[in-house]
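> no FASTA, just this:
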């Protein structure tokens, strides 16, 4: 598909510290440090905290799905077990049983996650693919259902809650404010993201890729596919536990909801939406999903419908996710042909976006027509106030949507031609007869 | 002893309803090698369609129209969705059906709202057929049992005695050879997917009045159906039947008999801790059978997967 033949001298050497390898991390760290000053409002910091926790969780999930080829329907369990463990330690800190500074808590939660994953992984990682998916589903449902039975650990219906301010103060901070918590979470995000990245570069991480692609061949090379999977699984459980610890520190409560299939499914959705093929995919997925969740849910009751549709369409048409779409543009960039894409993109994608917006408006108006209280006809969409019973509104929406999709369809061949042109290396046209 | 009989009938109803779902799922799996995560969503769709039809023309037409509609939708999804994703491999296929399950729940909520619908069994079956030791057995339960039995026999007949069934069975084993003999295998796949989802829809039509018609009904049964076909052995119709009945009875009996674990522990010679509230083992002492009933199927599945990955009746590995 893409031409990957590079000049030997330009080939990246692994192992050495290069500017290109360090720069993204330095930029990321600076960005994390500056963010609370750019978005200083309380709600923004709450969203960023949630985002950071989701990023850690999604990255740990991608260690399984993307790097190890293991599809899990019960990853929330490891985050949950870590989180519940952290809550108990937090409560011990409050009771004075042990004295620890709060920033250590996620590490303890990680160890809880690691321990649970190490126990489960012994039998669940024997096989990849469907068997692994089914066992993970079974374990997930098992733990989620036993959360109301094992009250001593999971706290039953009301969950386990605590107070985070009883830890040993760190340089005078007791982590009462959201900003202090933000820096704690951001710090752990940076550390765990870096560790997960480095793990993917170790021989075990590399072998996980090999086992994902061709377990038989990896076994012929002398590696046990099962144990390679087991190590990835344990590492993934550890980082999921860290995410759970961060969740405990941030929200100070964990309930049965943190364990159920819904949470496990959401993290699958986030990771796949972001893209499983690249390390930074889940990060994009977590950021986009959290934004969608907070922004869309403020404006519409149908946001889950849109997210579901987006997910299904992503699986069907862009199995590489958002990261895959971004990385598709690297070859044209390298050939210096990105500019040839701009006009066809505007001509095709802009009408398609308008069409999708029109379709969404149609659903919104239909939903309002069916579900609003009797007599209440007025609704506001895209800053326009109108009556959902007005035929004119329906007419405008339908005409605009159909026209936009027609335009997008008409311009699609031009985009395809431009895409093919942009993906041809310079000079290749003359070389081939 | 009478209670045993009542529970046997209740378990049979649950088990046969499960079987109507699992039979389609296991057929689809043995054809395409993909576990359809959205299978229970088709079941839900069947119940909702039947409710909508029943508001216009009553229960009985819905019993026939709704499954056909669901089957058509299933066939369309196979043709335009699953077949496209198939090229990427099995894991994306599983993810696709998972997304489909999410989407269908949202679509159902979009059209019918979040509340339970007043979908009821037909008036003609609304009487007590007979009673065992004071426990009334409604006629509708017997209707479910006979309907499910009829479907099983029909399915068995079609699969083993007819020409279509032979082609399907052949396409399971050697799709390329069947294709070379001039049969349209992708069309057979689409048909099996349509029939399987239609069966799930039929189960929904029948189960809707009994178990309730609400947006969570798919999620409630979805995982259990998986458990069933994994225990029974993927691709095996008899295995699906056996596992469905097994799970139906296990869950019914677990809920019916209130055995406290404290009694078992004391019978084993353990003594109850004096200060139960602060003991780490307090949950073990307060545990009862109805509490662990819902998790027994999952436990069973994990045990089966660990010790016998091809299930009770399955011929091939997952």
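Sure thing, it's come through. Fair warning: this is a prediction, and the values are worked out from it, not measured in the lab. Numbering: from 1, shown residues only, chains lettered A, B, ... in the order given.
> Same question for residue A:379, what's its three-state structure.
Recorded secondary structure, residue A:379: strand (DSSP: H, G, I helix; E, B strand; the rest coil).
> residues contacting residue 156?
No chain was given, so I picked chain A. A:147-148 (CB atoms under 8 Å, 6 or more residues apart in numbering or on different chains). Just so you know, the C-beta spots here come from the backbone N, C-alpha and C atoms, and that holds for glycine as well.
> I was after chain B.
With CB under 8 Å, 6+ apart, residue B:156 has these contacts: residue B:237.
> so where's the chain uncertain?
Just going to use chain A. A:1-17, A:373-377, A:427-433 (pLDDT under 70).
> The intended chain is chain B.
Counting by pLDDT under 70, chain B contains low-confidence ranges at B:1, B:133, B:272-282, B:315-318.
> got the residue ranges for the strands in it?
B:128-132, B:135-138 (DSSP state E).
> Out of these, which gets nearest to chain A?
Smallest distance to chain A across these (CB to the nearest CB): 28.0 Å, for strand B:135-138.
> what comes up buried for the closest one?
B:137-138 (16 or more other CB atoms under 10 Å in any protein chain shown).
> and that strand, which strands flank it?
Looking at strand B:135-138 with DSSP bridges, its partner strands are strand B:128-132 (antiparallel).
> how far away is the nearest residue to residue A:385 once chain neighbours are set aside from residue A:421?
Excluding its sequence neighbours, the residue lying closest to residue A:385 (CB to CB, 6 or more residues apart in numbering or on different chains) is residue A:378, at 6.2 Å. Taking CB to CB, to the nearest Å as the measure, residue A:378 falls 50 Å from residue A:421.
> Okay, and the beta partners of the residue nearest to residue A:385?
What pairs with residue A:378, by the bridge criterion (DSSP bridges), is residue A:387.
> got a list of what it touches?
Residue A:378 neighbours (CB under 8 Å, 6+ apart): A:385-388.
> Residue A:55 contacts residue A:282, doesn't it?
Yes - the pair residue A:55 / residue A:282 is scored as a contact, 6.9 Å apart, by CB atoms under 8 Å.
> of these two, who's got more company?
More neighbours surround residue A:282 than the other of residue A:55 and residue A:282, with 34 against 24 (other CB atoms under 10 Å in any protein chain shown).
> and that one, what element?
helix A:281-299 (DSSP states H and E).
> What helices and strands are in contact with the next helix or strand after that helix?
As assigned by DSSP H and E, the chain's next helix or strand after helix A:281-299 is helix A:303-317. Judged by 3 or more CB pairs under 8 Å, 6 or more residues apart in numbering or on different chains; DSSP states H and E, the packing partners of helix A:303-317 are helix A:261-274, helix A:281-299, helix B:83-85, helix B:90-112.
> How much space separates residue A:404 from residue B:39?
Distance from residue A:404 to residue B:39, by CB to CB: 36 Å.
> neighbour count winner among the two?
residue B:39 (30 against 20).
> How many residues are close by the closest residue to residue B:23 other than its chain neighbours?
Excluding the flanking residues, the one nearest residue B:23 by CB to CB, 6+ apart is residue B:240, at 5.3 Å. Neighbour count of residue B:240, defined by other CB under 10 Å: 31.
> what sits against residue B:240?
B:19, B:22-23, B:25-26, B:228-229, B:232.
> on that earlier part again, show me how to select, in PyMOL, the buried members of the contacts of residue A:378.
Buried residues among those (16+ other CB under 10 Å), as a PyMOL selection:
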select buried, chain A and resi 388
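> what residues does the stretch 151-300 of chain B put near chain A?
Residues of the stretch 151-300 of chain B lying near chain A by CB under 8 Å from any CB of the partner chain: B:219, B:223, B:226-227, B:230, B:280-283, B:287, B:291-292, B:294-295, B:298-299.
> which among the residues you listed end up buried?
B:219, B:223, B:226-227, B:230, B:283, B:287, B:291-292, B:294-295, B:298-299.
> In helices only, show me these.
Residues of those located in helices (DSSP state H): B:219, B:223, B:226-227, B:230, B:283, B:291-292, B:298-299.
> Adding distance to residue A:247, write those out as JSON lines.
Putting those into JSON lines (distance: CB to CB, whole Å) gives the following:
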{"residue": "B:219", "distance to residue A:247": "23"}
{"residue": "B:223", "distance to residue A:247": "24"}
{"residue": "B:226", "distance to residue A:247": "28"}
{"residue": "B:227", "distance to residue A:247": "29"}
{"residue": "B:230", "distance to residue A:247": "31"}
{"residue": "B:283", "distance to residue A:247": "24"}
{"residue": "B:291", "distance to residue A:247": "27"}
{"residue": "B:292", "distance to residue A:247": "28"}
{"residue": "B:298", "distance to residue A:247": "25"}
{"residue": "B:299", "distance to residue A:247": "28"}
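> Pull out the buried residues from the helix holding residue A:282.
A:281-290, A:292-294.
> hmm, back to that, switch the helices and strands packed on helix A:303-317 over to a markdown table; also include distance to residue A:226.
Listed next are the helices and strands packed on helix A:303-317 as a markdown table, based on distance: least, CB to CB, whole Å:
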| stretch | distance to residue A:226 |
| --- | --- |
| helix A:261-274 | 23 |
| helix A:281-299 | 25 |
| helix B:83-85 | 28 |
| helix B:90-112 | 18 |
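> Tell me which of those lies nearest to residue B:60.
Distance to residue B:60, taken as CB to CB, is lowest for helix B:90-112 among those, at 21.3 Å.
> Report whether the strand or helix carrying residue A:369 contacts chain B.
Under the criterion of DSSP H and E, residue A:369 resides in helix A:339-371. Yes - Helix A:339-371 is in contact with chain B by CB under 8 Å from any CB, via A:363, A:367, A:370-371.
> now for that helix, which elements pack on it?
Partner elements for helix A:339-371 (3+ CB pairs under 8 Å, 6+ apart): strand A:378-381, helix A:391-422, helix B:90-112.
> mind listing what's buried in it?
Of the residues in helix A:339-371, A:340-341, A:344, A:347-348, A:351-352, A:354-361, A:363-368 count as buried by neighbour count, 16+ other CB under 10 Å.
> Measure how it sits relative to helix A:303-317, angle-wise.
Relative orientation of helix A:339-371 versus helix A:303-317 (axes from the mean of the first three to the mean of the last three CA atoms, to 10 degrees): 140 degrees.
> can you state the direction angle for helix A:339-371 and helix A:281-299?
40 degrees.
> Off-centre distance for helix A:339-371?
25 Å (CA atoms, centre = their mean, to the nearest Å).
> just stretch A:383-403 next, same as before
The answer for stretch A:383-403 is 35 Å, by CA atoms, centre = their mean.
> Could you do stretch A:42-53 as well?
With CA atoms, centre = their mean as the basis, stretch A:42-53 stands 15 Å off its chain's centre.
> Need the residues that contact that stretch.
With CB under 8 Å, 6+ apart as the criterion, stretch A:42-53 contacts A:35-36, A:39, A:178-179, A:181-182, A:185-186, A:189, A:243, A:246-247, A:250, A:286-287, A:290-291, A:294.
> how many other residues sit next to residue B:302?
By other CB under 10 Å, neighbour count at residue B:302 equals 22.
> scratch that, residue B:290 is what I was asking about
Residue B:290: 14 surrounding residues under other CB under 10 Å.
> Then residue B:175?
Each residue near residue B:175 was counted by other CB under 10 Å, and the total is 17.
> residues contacting the residue nearest to it when sequence neighbours are not counted?
Of all residues not flanking residue B:175 in the chain, residue B:185 sits nearest, at 5.1 Å (CB to CB, 6+ apart). By CB under 8 Å, 6+ apart, residue B:185 lies in contact with B:171, B:175, B:178-179.
> All good on my end, thank you.
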